[in-house]
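*Asks:* Need the 3D shape of this:
(chains A, B and C)
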Amino acid sequence: MTRKQKRMAVILGGMSFVTIAVLLVMFAFSQSVAYFFMPGDLAKTDIQPGTRIRLGGLVEEGSVKRGQGSTVSFTVTDGNGKVDVSYTGILPDLFREGQGVVTEGVFDGGTRFTADSVLAKHDENYMPKEVADRLKKDGVWEDGTGKGMAPKKDAAQPEAKIDGKPQVMLQMPGTSGEGVTRQ
Amino acid sequence: MMYLWIVLALLTAAVAVALLLPFARSASAAASGVSNARRSNSTRAGEVEVYRDQLREIDRDREGGLISTEEAENARAEVGRRLIAAAAENDQDNTGGFANRKHRIATALVTVVPPALGLCLYLSLGNPGIPDQPLQARLENPGNNIALLVTKVERHLAENPTDGAGWDILAPIYLRLDRAGDAELAYRNAIRFIGPSNARYSGLGETLVVANDGIVTEAARQAFEQAVKLDPADPRSRFYAALGLEQGGRKDEARAAFEELASATPADAPWKGLLDEHIVKNGGTPLAAKPAAPSLGGPTQEDVAAAQDLSQGDHKVMIAGMVDSLAAKLKDEPDNIEGWLRLVRSYAVLGDEAKARDALSTGLAQFPPDGNDGKRLLALGKDIGLDADASPAPGGARP
Amino acid sequence: MIVEIGHYALVLALATALIVSTLPMIGARRRDPAMMALATTGSLTLFALVVISFAALTWAYMVSDFSVKNVWENSHSMMPMLYKFSGVWGNHEGSMLLWLLILALFSALVAVFGGNLPDTLKANVLAVQAWISSAFLLFILLSSNPFLRLDPAPAEGQDLNPVLQDLGLAIHPPLLYLGYVGFSVCFSFAVAALIEGRIDAAWARWVRPWTLAAWTFLTAGIAMGSYWAYYELGWGGWWFWDPVENASFMPWLAGTAMLHSALVMEKREALKIWTVLLAIMTFSLSLLGTFLVRSGVLTSVHSFASDPTRGIFILCILAVFIGGAFSLFAWRAPSLKAGGLFAPISREGALVLNNLILTVATATVLTGTLYPLVLETLTGEKISVGAPFFNMTFGLLMLPLLIAVPFGPVLAWKRGDLLGALQRLYVFAGLSLAAGLAFAYFQGGGPVLSIFGLALGFWGMFGAIADLWYRGNFGKVGFATGLRRVRGLPRSAFGTALAHFGMGVTVLGIFAATTFGTETVVEMKQGQTAEAGGYSLTFDGFRDAVGPNYTESRGHFTARKGGAAVADVWSSKRLYTARRMPTTEAGILTFGLSQLYVSLGDPMDSGGIVVRIWWKPFILCIWGGCLIMMMGGFVSLSDRRLRVGAPAKRPKVVTPKGGLEPAE
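*Replies:* From the prediction side, this is the model:
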């Protein structure tokens, strides 16, 4: 081979590797990308059973039911619709009724959604971003304080006064709840 | 304050000196006639050294047998070419001028920019007037800052959580600071560790009432009961107990309780008017007509009224405000059974029966009566003498 | 007063950075020694000022000065001292200050140890560093100022996010930033070289220690972060392809590529333009990572707070630096002289292959990370690209690289002999396959693909040994002579071998843990037993405990093998009282390289509790391999040759005060 041919071979080799990579990426996208929906969207869109989606919304109050073993079922709602979700596994620490949640999984033919992952907030003020954006748009949910880390006294009580004054937010370290009774 | 500015000035000066150092050095070097070229690396000497090292490395590799002699020769030639090129440029560079310029503009910039920019930015961003406030020092000298005093006791209690006296001190302060949850815990701990007392139980009861927007809940009622048991004369507990009856719609019993309390109350007690009001509300006549105890320069009628007005008004306004905001919230987020329950109860407490009824039916629209939550609403309605559908005369709504 | 001094020092640092970013550059053009020397003293001054500032903030945290808003928001007086300290960077403002501190540290290191650099290059490099410092100083002062005050001061803070209250926070971010920000030096070298219009083999030698240092720290930082997530989140996973993880992984991939291409440049003066481009790309990816994490476009534990102005600010910094560098590159690159030639089959060829694969892999990760963001911006559609995407693309693309790695070191420079290399390596290949099979056999068998994966791990390890074996020429000269020859090798040779060996160990760990690991979710009541990984785990019941700023409910488990108790572990549910935030503390039992991982779920109505038990065989190999890679980096960094390249051995260059050794 002449030097020119060699160079051509190298360049062709490189190009074909890149092409393979691009094809691979496109294939992987078609296989593993999950679209995000809220319960209200589902009526408008046609989703084949077995298609992976992300479903986000609020966990409806009073809907969480523990079934056999570690299977849990609950209802995800966004004010415009409701979806029953079942999930086997351990729920995140911050999974609570009335709080935002994102689940990923598939519809099993009917209306029941089987999730294989459930994400809740990372801290007490964090609402999964997709959910927060949509809820804000629909006016269902308001940013408590506008700041990611600013604490609310008790997120579970919507009517709790949120006061910007720091003194009001003082908490008793190590003694709240039943801390003392447990000695 | 003064010290701060001195330190800041020193810091600025130090920076200026550090930045002026190179210019001073160059000036002194020029004065002593040392050529800058000698002292500097502005040549390609470093590069030449790298290539020399590479040559040495090739030799080492060849001796070690890592590369063949032929490869070594090729590599030597290649590195050699680089070395020659670099060395040639190096000499050229060395002949290049290194005149010692005057650095008037540069030195001026270096002297002026840090203080000027520093001061301007700092004055707009900084808070030179606020001193450091390490928590330990503040706790040692809390003055009359309630929050700090509370923190101080809290820290003590975190280490000695069984010190009931500490909880006892803290509990009413929490309540005053509007931290009902903490106050409840503190009262309960105080009762657990240093035993029950009238004041603790009645404080606990009051805390529970505050925590529930003025409703005397079952837990609160039990607390007041305990308090009365410990001190039958305690007017506060008796008042709340009666209030509980009133809220439960048991008007006759409530009236009786209020009247009994009123009869035991000296006429100049500030809460007398409040009692009378409740007696009237429950269909009785105030006992105010009774001859007042011979008071020696006690407060005048007006004083009492004023005090009463103040406390009553304050309370009402506060509750009304809370209820309004709750109602507004529920309008936006109706999916909240606890909120509806609370709203209905609150209107009932405020005596606004129409609104309470309204809230009840709106709540029932949200939570159908045959559901669990709906049932709770209905039960509440019954409790406080409201019926969602049929609305009997308020007086006859005894369960 | 201390806090205000810190604030003022930061403002002064900005002024200094502005001076250092301009005057030395003018000096370099005019060849004015005094103005160029300003870069050195200026960078040291800048570092000192940032240290003062950082120390002031740290002091405020240590003494719980709640008059500082940042302290009030992220600290609590009852927190253990260690968390008060690490809490300094456990929030947006503080972490940006740490970023800046490390940037200034690297500038200062270049100023101190850059004695072997030509003055003009050094002045330009430090000036470019100062541009970056100026940009981030402005960002911190104007939009993320940690020195804002509260008056009157609150009596108690709001506590640090419980997830961050861990030893991991004290180690992970500083290591990660040392890596991230360390690449800024490479970027500055590249930009300075482009400004001067001259770049040659010596440049690669000068950049090498900085690349190596940054790469080593980044390796450590990523591994540490991965282990932290593994034990803290309680999900049993060690890598989630979370965008934030990707943000730190992409600079690592590009940096690895740069490390290898700089080698070619140093030896052969080839791939010059490419190396410069990689240097720019690597730091651009670091900046992009900072943007993604700090701007709040991504939400995760890492993004402490989101504030649109910050996002836009960082986006501007990103645009200016990346855009500017690439424009400069486009303008200057054509004028750079081409370097040495080489055949496709050669050491250079192998390194080019390495670069090709690593950059393409970086590109796929970048695509997967940014695609959802781009799509959402353009169409408003929200999608998520999860782990399957990355496993499929990245995993497949890395396969050829893993196969090719052992070939590189045994190929000759310039023109290699593939057949000869195959002859040398086939024994090792056979050994790897056998080892893979044996491994799978002892674990009770597994799918063919995973046996191949295990063999791939062994291949990486044995390939590194083969490298040293042939360098020592043990086969021909006998053991004693071979050993002597190996001892005579430069340290960088050991560094290479260690790093490649470590990579093999990591690959082995990944395949072993994913193939043979088990996951059991069971409902357990007191006294019940579950099986995992050959151990039986008994739940002994709960005990309540109170921590300094949390209360917890701890479940006690005893692991038994063959009836005899071998270990016990606590796993707990915590409630951090100040934020009323629950967390799960996983219980982890280590047996050799394997681990038993116990995580508590929700209590059941029946009185039991859901328990998740993972058996993770050889999982420690994953991080152990990273540790070995890191050691390889340090060994390489200690290579004597990296210090050469200066008239350094002559007493001309002043050795730094205090007998500091050069960066190694």
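*Asks:* Show me which residues of chain B sit near chain A.
*Replies:* Contact residues, chain B versus chain A (CB under 8 Å from any CB of the partner chain): B:147, B:150-151, B:154, B:157-158, B:161-162, B:177-179, B:181-182, B:185, B:189, B:192, B:322, B:325-326, B:329, B:332-333, B:335-339, B:342, B:372-373. Glycine gets a C-beta too; all of them are placed from N, C-alpha and C.
*Asks:* Would you tell me which helix is longest in chain A?
*Replies:* When chain A is parsed with DSSP state H, its longest helix is helix A:3-32.
*Asks:* Can you list the buried residues in that one?
*Replies:* Within helix A:3-32, the residues that qualify as buried by neighbour count (16 or more other CB atoms under 10 Å in any protein chain shown) are A:Val10, A:Phe17, A:Ala21, A:Leu24, A:Val25, A:Ala28, A:Phe29, A:Ser32.
*Asks:* quick one: which of the residues you listed is nearest to chain B?
*Replies:* A:Val10 (21.1 Å; CB to the nearest CB).
*Asks:* any idea how far the closest one lies from C:Phe389?
*Replies:* 30 Å (CB to CB, to the nearest Å).
*Asks:* again, but for C:Val3
*Replies:* Applying CB to CB to C:Val3 and C:Phe389 gives a distance of 47 Å.
*Asks:* before we move on, what about C:Thr367?
*Replies:* Applying CB to CB to C:Thr367 and C:Phe389 gives a distance of 9 Å.
*Asks:* Quick check: pLDDT value at B:Gly97.
*Replies:* The model reports B:Gly97 with a pLDDT of 45.
*Asks:* how's the chain carved up into domains?
*Replies:* You didn't say which chain, so I picked chain A. A:1-32, A:35-150 (automatic domain parsing).
*Asks:* You answered for a different chain; I wanted chain B.
*Replies:* B:2-28+B:44-91+B:103-125, B:313-396.
*Asks:* ends of the longest one, how far apart?
*Replies:* End-to-end distance of domain B:2-28+B:44-91+B:103-125 (CA to CA, to the nearest Å): 19 Å.
*Asks:* can you give me phi and psi for the nearest residue in space to B:Gly374 that is not next to it in sequence?
*Replies:* In this structure, B:Gly374 finds its nearest non-sequential neighbour in B:Phe367, 4.4 Å apart by CB to CB, 6 or more residues apart in numbering or on different chains. Note on B:Phe367: backbone dihedrals following degrees, to the nearest 10 are phi -120, psi 100.
*Asks:* helices or strands next to the longest helix of chain A in the packing?
*Replies:* Helix A:3-32 makes packing contacts with helix C:347-379, helix C:387-404 when contacts are defined by 3 or more CB pairs under 8 Å, 6 or more residues apart in numbering or on different chains; DSSP states H and E.
*Asks:* so the helix or strand just after that helix versus helix C:347-379, what angle?
*Replies:* Using DSSP states H and E, the helix or strand that follows helix A:3-32 towards the C-terminus is strand A:33-37. Here strand A:33-37 runs at an angle of 20 degrees relative to helix C:347-379 (axes from the mean of the first three to the mean of the last three CA atoms, to 10 degrees).
*Asks:* List the residues that contact B:Asp168.
*Replies:* B:Ala186, B:Ala190, B:Ile194, B:Arg200 (CB atoms under 8 Å, 6 or more residues apart in numbering or on different chains).
*Asks:* Who wins on neighbours among the residues you listed?
*Replies:* The residue in those with the most neighbours, by other CB atoms under 10 Å in any protein chain shown, is B:Ala186 (32 neighbours).
*Asks:* wait, doesn't it sit right on B:Trp167?
*Replies:* Yes - under the criterion of CB atoms under 8 Å, B:Ala186 makes contact with B:Trp167 at 4.6 Å.
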